[in-house]
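take this sequence and fold it.
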Amino acid sequence: MRYLALLGSHLSDGITAQYLQAVTSALPKTATVDTVFLRDYDIYPDTKEKRCPALDEIEAKMAASDFWIICAPTYWGGLSGVMKQFFDCMRFRLVRMTSAGDTLPGKYKDKHYLSMTTCFISSTENFFTGITDQTFVTIDRVMSGAGIIKVGEFVGTGTWGTHGPRESKLAECRRLGAKIADRPRKDDNTLKRYIQLFFMIALMALVTMGLQAWWFGVFAAGKFWLTYATFVIIFYVLLASILHFFTFVRHRRR
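Okay, the predicted model is just below:
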């Protein structure tokens, strides 16, 4: 397989880059790995008069790769400006636009990606404050819009005041590298998500209706389980139909 690592940090050899290198070093020796340090390129938006040569070069690497690794630090609670600028300039190359301005997956649909970021604060503080959440939201919004399938994510916390990456985090990166080594080129988790949705609805309905029966006695004697089963099935069918419409049918009709 061919892997492309897109590094959107200020330093090509900083802590963020070292975590990325730990992931790529765990890939099979037979894999082809290409790392793009975005600051090496003069990236600007395409215009009607002129396409950006740097985007042409990077896009050729993206098209030739089966798997993308998106790696950028978190600054000010969001994605680094280097990576954000690249995403902004690549927008019309990643997706296709409808006459109404909707974005649909483009030619890179069904590729896979891993997202990586780093931040100054500790793991505990990041858990409660979610300082890296917006970084992943931005990456995922771009990739999902392009139809790219997410495999996993990594957060390298506690980078402030350190001179190198943490060994425990390096080990996590190497595990991620091994994980993505055998990913299929195409997969579809839609059925899995609908099954998970069914069991989530079933559990929440059981808790809700159990509390109703216990506190208020709203169900007829001997009919609790019949009421519960029919409620789950009807609610699931209605919710799944709505989700399917807004996820697939609405875009298909446009």
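
how much space separates the residue nearest to Ala54 when sequence neighbours are not counted from Arg93?
Closest residue in space to Ala54, ignoring its immediate chain neighbours: Tyr41 at 3.9 Å, by CB to CB, 6 or more residues apart in numbering. No exception for glycine: its C-beta is placed from N, CA and C like everyone else's. Going from Tyr41 to Arg93 by CB to CB, to the nearest Å gives 14 Å.

from Gly101, how far off is the most centrally placed residue in the chain?
With distances taken as CA atoms, centre = their mean, Asp140 lies nearest the centre of the chain, 3.7 Å away. Going from Asp140 to Gly101 by CB to CB gives 21 Å.

could you do Val232 as well?
Val232 is 38 Å from Gly101, where distance means CB to CB.

show the pLDDT at the residue nearest to the centre of the chain.
For Asp140, the pLDDT comes out at 94.

which residue ranges of the stretch 1-150 of the chain form strands?
With DSSP state E, counting those that start in this stretch, the ranges of strands along the stretch 1-150 of the chain come out as 2-7, 32-37, 67-71, 74-75, 78-79, 95-97, 103-105, 112-118, 149-156.

which strands and helices lie in contact with the longest one?
Using 3 or more CB pairs under 8 Å, 6 or more residues apart in numbering; DSSP states H and E as the contact criterion, the neighbours of strand 149-156 among helices and strands are helix 15-25, strand 112-118, helix 133-145, helix 167-180.

now the element after the longest helix seen in the chain, going C-ward?
Across the chain, the helix with the greatest residue count (assigned by DSSP state H) is helix 190-215. The helix or strand immediately downstream of helix 190-215 is helix 224-244, counting by DSSP states H and E.

give me the contacts around that next one.
Residues outside helix 224-244 that contact it (CB atoms under 8 Å, 6 or more residues apart in numbering): 194, 197-198, 201-202, 205-206, 209, 213, 219-220.

low-confidence ranges, the stretch 51-200 of the chain, go.
182-190 (pLDDT under 70).

give the contact list for Phe87.
The contact partners of Phe87, by CB under 8 Å, 6+ apart, come to 79, 138, 142.

on that earlier part again, so can I have TSV of the strands of the stretch 1-150 of the chain showing distance to Phe87?
Converted to TSV, those look like this (distance: least, CB to CB, whole Å):
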stretch	distance to Phe87
strand 2-7	10
strand 32-37	13
strand 67-71	9
strand 74-75	15
strand 78-79	8
strand 95-97	11
strand 103-105	12
strand 112-118	12
strand 149-156	15
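
now the ones you listed as TSV including mean neighbour count and distance to Thr129?
Shown next, in TSV, are the strands of the stretch 1-150 of the chain (neighbours: other CB atoms under 10 Å; distance: least, CB to CB, whole Å):
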stretch	mean neighbour count	distance to Thr129
strand 2-7	22	25
strand 32-37	16	29
strand 67-71	26	22
strand 74-75	22	11
strand 78-79	21	13
strand 95-97	15	31
strand 103-105	16	30
strand 112-118	25	14
strand 149-156	19	12
